[in-house]
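Visitor: Show me how the following folds:
(2 chains)
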Amino acid sequence: MPRVTFPHMGESYRTFKMLMNDLGNEVVLPPRPSKRTLDHGVRHAPEFACFPFKILMGTYVETCLLGAEIIVTSGGVGPCRAGQYGQLHKKILLDLGYPVDIIVFEPPRLHPIDFLRNIQRLNPNRMSYRAVWDCIKRAWQKLIALDETEKITHVVRPREIVTGSTTRIYRKVLEWIDRSHSAKEIEEAHSSAVEAIKSVEQDPERKVLKVGLVGEIYVLLEPASNLEIEETLGNLGVEVERSMFLTGWTRENTFSETHETISVKDAAMPYIPLCIGGHGMESVGHTVVYAKRGFDGVIQLAPFTCIPEIVARTILTSVSKEHGIPVLTFFLDEQTGKAGMSTRLEAFVDLMKRKKWQDELPEHNAVKKGQ
Amino acid sequence: MTARVGIPSSLLYYMHYPMWHTFLTELNLDVVPSGQTNKNFLDQGVKEALADACVPVKLFFGHTLTLRDKVDYLFIPRVVCLNQKTIYCPKFLGLPDMIRYGLPDMPPIIDIQMDVREGRMALFRAYNQIGSSFGAGSLQIARAYLKALYSAARYNALMQKGWHPPEAIKAVLNPNSKDIAPTARKGDLNFAVLGYPYVVHDDYISVGLIGKLKKLGVNVITLENLPPATLARQNCDLDKIMFWTYSDLVLRASHYLFKSGQVDGIIHLTAFGCGPDSMVDKLMELTAKEYSNIPYMSLTIDEHSGDAGVSTRLEAFTDMVKRKKEV
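Guide: Next comes the predicted model:
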């Protein structure tokens, strides 16, 4: 049985583990990115490679040490660097002397035959395409369950009465979803997970700020790379809405009022009329949409030296001014410290609070001053 | 009064200026390049551009700022793809937007999109659009376009003869001046300096690298001097092509030179914070390991590059190559 591994990206590894097992592979679970992962990554990756490249590099080295033989990852056709990750990782790993093979999944519409061939390579038991499709369908369902559950924690956490209770329950319910296997089980685990999180004791009166998270997909989805920014914000009493999930974002993608509906792409159009790779265009579009939906602020997360996000950041200055929405940008790298980040977040939250509630009743101001 | 169109002398300038200059001049426009980089440009660029941007982009901001009060229009086309295969770096794609939204009070920007994948006549259509926006007739535009193509061809032909872009630009634009002779080849070592034209040929940001090498008795070949058809055929042992135009060229050039062995050393000149180069440099380094007969050095420059530091490294590298040849 081939020993297969894949990048660690948030909680999604639970899904891929199930999928790979179902297809008949042995899975080497990628460890959660840690200091050691980064040490490996920084040592072997090029100096100016973006942060996700270094994390993946480290993860691959760690899993190679655990005996992985095949690495499964995603590709892309540019102009973002992520499209080149696969082949450079492979060259570096071979240079280091790890006999691994990397299977890169390119967009199936562009390379349909390669796509099927790659699937066959991960299908040692030669299951029929129909059976493979069933496995993928179930994996997708699980991914949705994981994403939906996470979304609810973002709403509940800022309103929880006992600090940390949401996170505690969330950890527990993840295991339920993890253990479910058949379609029915996943569905049950999903609904009970959602219920469990909703039943966390909440303060419905509490005033919370709403913040949108935009930026590059990897640092958005992997809490270890963004230093659990969602949790930190939740604990500061901020409801977070993340612009990106693995299962897509079609519903939140549009902003509709009685007469006006704009998609993220349309919103970005006046500022940046073509796809510049990565998620630069989406970052700009989402910021506009968040501003129109009346959010209190936007936080952009970008890996250090990420090209599309640098372009987006330059443009966001104008977007922020024109739409009157505060934007805070974090360029994340291996040197980013949690304390420094929390300080900046606290200052940002204070700024948003003052902006939002300055016009309200004087006694509220008095209470706030008294705090 | 003719309208003045400013072209920042940075980034795409080194590859396309003769063509753009000819085209715009033929339309009776006054073309104003921002000129040779100096400290002032860099300081202004560093102040205005985002700290995380790469040095060439900061420099581009500086060049654009000096043009702000001198011109009526800024010519910053959005060049996406010119060869059907590879596209430009995301920063080039977002360049007009970065300037428009990143700098205050800029004159109108001509940001025509040039993407040959859109159709056979896409490039001409782009130029046609530029021409019509200045109110030129279609005959005039067609004539200007053909002349522009001619100067681009002459420019490339000169570079194939071993000229470097700054001299070639001068020669193409003033055909009558006889005082610029092609660089004589007289050194006893041949180095290839690979890197993006806007880094290698910008004398200020590269700290006069090419001049320094010539002083050390080294003949310098750059990317532009290599035959494009050979490069296009070059196999780079990759699973997937490098999809940025300049990076693709640099990588192909390095493979070509490593395999043909016609140079004594290869220097990769890269700019601090350059995204594509982080990949290219590593790939070149790994290739260099396989061809250990040709020494390879990677040199990173940034806004603080010191003259002495670069000189020392170049001298050391040259000495090493010399000693290796003598033994």
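Visitor: Ramachandran angles for A:Thr5?
Guide: phi -140, psi 170 (degrees, to the nearest 10).
Visitor: for it, what are its contacts?
Guide: A:27-30, A:60, A:63, A:66, A:68, A:70-72 (C-beta atoms under 8 Å, 6 or more residues apart in numbering or on different chains). All C-beta atoms are positioned from the backbone trio N, CA, C, and that covers glycine.
Visitor: Can you flag the buried ones in the residues you listed?
Guide: Those of these that meet the buried threshold are A:27-28, A:30, A:60, A:63, A:68, A:70-72, by 16 or more other C-beta atoms under 10 Å in any protein chain shown.
Visitor: What is the nearest of those to chain B?
Guide: Comparing these against chain B with C-beta to the nearest C-beta places A:Ile71 closest, at 13.4 Å.
Visitor: Quick one: residues contacting the closest one.
Guide: The neighbourhood of A:Ile71, defined by C-beta under 8 Å, 6+ apart, consists of A:4-6, A:60, A:63, A:89, A:100-103.
Visitor: ok, which residues in the stretch 151-300 of chain B are in contact with chain A?
Guide: Taking C-beta under 8 Å from any C-beta of the partner chain as the contact definition, the stretch 151-300 of chain B meets chain A at B:238-240, B:242-244, B:272-279, B:281-283, B:286, B:289.
Visitor: Of the residues you listed, keep whichever come out buried.
Guide: Using 16+ other C-beta under 10 Å, the buried ones in these are B:242-244, B:272-279, B:281-283.
Visitor: hmm, back to that, what's the farthest-apart pair in the buried ones among the contacts of A:Thr5?
Guide: Largest separation among the buried ones among the contacts of A:Thr5 by C-beta to C-beta: A:Val27 and A:Tyr60, giving 14.6 Å.
Visitor: Any idea how far stretch A:103-118 is from the middle of the chain?
Guide: 23 Å (C-alpha atoms, centre = their mean, to the nearest Å).
Visitor: Please apply the same query to stretch A:6-24.
Guide: Here stretch A:6-24 is found 15 Å from its chain centre; the criterion is C-alpha atoms, centre = their mean.
Visitor: same check, this time on stretch B:26-38
Guide: Using C-alpha atoms, centre = their mean, the offset of stretch B:26-38 from its chain centre is 17 Å.
Visitor: List the buried residues for that stretch?
Guide: Of all the residues in stretch B:26-38, those buried under the rule 16+ other C-beta under 10 Å are B:26-27, B:29, B:31-34, B:37.
Visitor: so where do the strands sit in the stretch 1-150 of chain A?
Guide: For the stretch 1-150 of chain A, the strands defined by DSSP state E, counting those that start in this stretch occupy A:3-5, A:26-27, A:70-74, A:101-105.
Visitor: how about the buried ones among the contacts of A:Thr5 in CSV, adding pLDDT?
Guide: CSV is the format used below for these (pLDDT from 0 to 100):
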residue, pLDDT
A:Val27, 92
A:Val28, 92
A:Pro30, 92
A:Tyr60, 93
A:Thr63, 93
A:Ala68, 91
A:Ile70, 92
A:Ile71, 92
A:Val72, 91
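Visitor: I'd like to know which of the residues you listed is nearest to A:Lys353.
Guide: A:Pro30 (38.7 Å).
Visitor: And the residue nearest the centre of the chain?
Guide: No chain in the question, so chain A it is. A:Leu221 (1.5 Å; C-alpha atoms, centre = their mean).
Visitor: Wait, chain B was what I had in mind.
Guide: Most central in chain B (C-alpha atoms, centre = their mean) works out to B:Pro197, at 2.7 Å.
Visitor: about what we covered before: any of the contacts of A:Ile71 buried? List them.
Guide: A:4-6, A:60, A:63, A:89, A:100, A:102-103.
Visitor: May I ask which two of the residues you listed are separated the most?
Guide: Greatest spatial distance among the buried ones among the contacts of A:Ile71 (C-beta to C-beta): A:Val4 and A:His89, at 15.2 Å.
Visitor: residue contacts, A:Ile310?
Guide: Counting by C-beta under 8 Å, 6+ apart, A:Ile310 touches A:302, B:50, B:52-53, B:57, B:91.
Visitor: ugh, typo on my part, it should be B:Phe124
Guide: Counting by C-beta under 8 Å, 6+ apart, B:Phe124 touches B:Tyr145.
Visitor: cool, the one 3 residues further on as well?
Guide: For B:Tyr127, the contact set (C-beta under 8 Å, 6+ apart) comprises B:23, B:112, B:141, B:144-145, B:148.
Visitor: In TSV: those residues, plus secondary structure, distance to A:Phe51 and neighbour count.
Guide: TSV is the format used below for the contacts of B:Tyr127 (DSSP: H, G, I helix; E, B strand; the rest coil; distance: C-beta to C-beta, whole Å; neighbours: other C-beta atoms under 10 Å in any protein chain shown):
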residue	secondary structure	distance to A:Phe51	neighbour count
B:Phe23	helix	42	25
B:Ile112	coil	35	17
B:Ile141	helix	47	21
B:Ala144	helix	46	23
B:Tyr145	helix	44	21
B:Ala148	helix	42	22
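Visitor: A:Leu38: which of those is nearest?
Guide: Once C-beta to C-beta is applied, the member of the contacts of B:Tyr127 that ends up nearest A:Leu38 is B:Ile112, at 43.6 Å.
Visitor: does the closest one really touch B:Ile130, like I thought?
Guide: Yes. Shown here, B:Ile112 and B:Ile130 form a contact pair, counting by C-beta atoms under 8 Å, at 5.4 Å.
Visitor: got any residues that touch both of these two?
Guide: B:Pro77.
Visitor: need the residues of the stretch 251-371 of chain A near chain B, please.
Guide: Within the stretch 251-371 of chain A, the positions lying close to chain B (C-beta under 8 Å from any C-beta) are A:271-274, A:276-278, A:280, A:304-308, A:310-315, A:317-319, A:331.
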